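J.: sequence first, predicted model second:
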Amino acid sequence: MFVRTSFLSLLLFSFISRGYSQSDTVSTRLNKTNSNYKSFVIVDETLFAINDTGQVIIWDLNKLDTIRCITSDVSNKYTAIAKDRNSQVFIGGQRGDIYKIDRSNYSCSLFLKEKYTVYNICFNSNNKMFLIVPNVVYDPYSKRHWDGFKNHASGLIYRKKVLGLFWKKSKGGFSIPENVYLDSKDRWWMYRNYGEFGTELNIFDAKNEKIYRGTLDSINKKILSPKSIFEDDSGNIYLTEGLQHMINFGKIFKIDSNGIITEIYENDYHNKESASSLFIGPGAYNKKEDTIYFTSDKGFYKAEINTNGKITDIKLVFNPTLYWKREPLAVGASMSTKQMEFTLGGKLVFLTENNGIGIYSNKNLVFLK
């Protein structure tokens, strides 16, 4: 399987560096900070984003201009960002410091000090904070931690250093996730992909403060490669998954409020020329349209869910020029879009790996860097 990797890598490079464009979309680029970004949160029409050097850049999404840059020293880069139930923004650092941002003047004040690098932050429905620190979910108030997760995707063997102190080996475990999502039932979804070699998909019950032990057995674990998890207004959870390994793979699952899992979309990977032969990436729910959007190697699509709960038709919305990198753990490209979210006003905001943050509204596309 790996004999042809070098040859395929050359083919992939020409594809990855070329990108695609959409003629009816007006695209512009604003190079204010010349940064790429790692993660973001949105409050009203204000974007708070951590860039690739560990600084926080604050953007006004109406004016499309920067408001402030919150810098950090070299030894304490910002590594996590989240908002609580009152839309208060918090940022976590490499040295374990957690700060809150005052939106009246965008200054920072120390909120909490821990001794572990903070990778993710969430707040449950009671507005209690939980953290992800080296290889555990952590309660900064009680000092409890959880690491014996049941992986809902693949049977990987783990050997991890817990809290940076000791090594632990088991069939279950926990790694620093590449993405997280907290749903309306206080389930904190966390996943990390390993290309063709599988996925870690873990769930923490932030309401009852325990590891979620339910099952997701009706999802095919052999090809599961999550790219996003999001929710609609009815409490349905959507999971998009995709992988490019020799050919394009992509599916979308819906998990309803009763826990019933339905595969609502699968690409036509048998027909490489088909418009539905898609390498699917992250998705998001558009509240104003009651539709879901998702990205792919052929552009950004939107879809309506019919009364039977299936996607019957997808519509190409726009197809920007993006720069792609090779996936190190598969024979293919790594998904260039990493995160998607809609503002309350209906703007689509998406994080790319190499092109900054995209803002799409009314056939106008702006990339913020």
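T.: Now that the structure is in, tell me what you want to look at.
J.: and residue 214, that's in a strand?
T.: No: using DSSP: H, G, I helix; E, B strand; the rest coil, the assignment for residue 214 is coil, not a strand.
J.: what about the closest residue to it other than its chain neighbours, distance to residue 216?
T.: Closest residue in space to residue 214, ignoring its immediate chain neighbours: residue 259 at 6.9 Å, by C-beta to C-beta, 6 or more residues apart in numbering. Using the backbone N, CA and C atoms, a C-beta is placed for each residue, glycine as well. To residue 216, residue 259 is 9 Å away according to C-beta to C-beta, to the nearest Å.
J.: these two: who's more crowded?
T.: Between residue 259 and residue 216, counting by other C-beta atoms under 10 Å, residue 216 is the more crowded of the two (18 against 10).
J.: tell me which element the residue nearest to residue 214 is part of?
T.: For residue 259, there is no helix or strand it lies in under DSSP states H and E.
J.: can you show me the CA trace of stretch 333-351 as CSV?
T.: Provided in CSV are the C-alpha atoms of stretch 333-351 (Å, rounded to 0.1, in the frame of the first residue of the first chain):
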residue,chain,number,x,y,z
ALA,A,333,-4.5,15.6,1.2
SER,A,334,-5.2,17.0,4.7
MET,A,335,-8.5,18.9,4.9
SER,A,336,-7.7,22.6,4.4
THR,A,337,-10.8,23.9,6.4
LYS,A,338,-10.6,23.1,10.1
GLN,A,339,-13.6,24.9,11.7
MET,A,340,-17.0,26.5,10.6
GLU,A,341,-19.6,28.6,12.4
PHE,A,342,-22.3,31.0,11.6
THR,A,343,-22.7,34.4,13.3
LEU,A,344,-26.1,35.4,14.6
GLY,A,345,-26.4,37.7,11.5
GLY,A,346,-25.8,34.8,9.1
LYS,A,347,-22.2,35.2,8.1
LEU,A,348,-20.3,32.0,7.6
VAL,A,349,-16.9,32.1,9.3
PHE,A,350,-14.5,29.3,8.6
LEU,A,351,-10.9,28.6,9.7
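J.: check which residues of that stretch are buried.
T.: 333-343, 347-351 (16 or more other C-beta atoms under 10 Å).
J.: roughly how far is that stretch from the heart of the chain?
T.: Computed by C-alpha atoms, centre = their mean, to the nearest Å, the chain-centroid distance of stretch 333-351 equals 9 Å.
J.: likewise for stretch 132-149?
T.: 21 Å.
J.: in that stretch, which residues are buried?
T.: 132-140, 145-147, 149.
J.: just name the closest of these to residue 362, please.
T.: Nearest to residue 362 out of these is residue 132 (C-beta to C-beta; 36.8 Å).
J.: nearest residue to that closest one other than its sequence neighbours?
T.: Closest residue to residue 132 apart from its sequence neighbours, by C-beta to C-beta, 6+ apart: residue 120 at 3.9 Å.
J.: please apply the same query to residue 30.
T.: Closest to residue 30 by C-beta to C-beta, 6+ apart is residue 368, at 5.5 Å.
J.: what pairs with the one you found across the strands?
T.: residue 30, residue 357 (DSSP bridges).
J.: contacts only, for it.
T.: Residues near residue 368 by C-beta atoms under 8 Å, 6 or more residues apart in numbering: 30, 32, 47, 59, 64, 356-359.
J.: ok, now with 7 Å
T.: With contacts defined as C-beta atoms under 7 Å, 6 or more residues apart in numbering, the neighbours of residue 368 are 30, 59, 356-357, 359.
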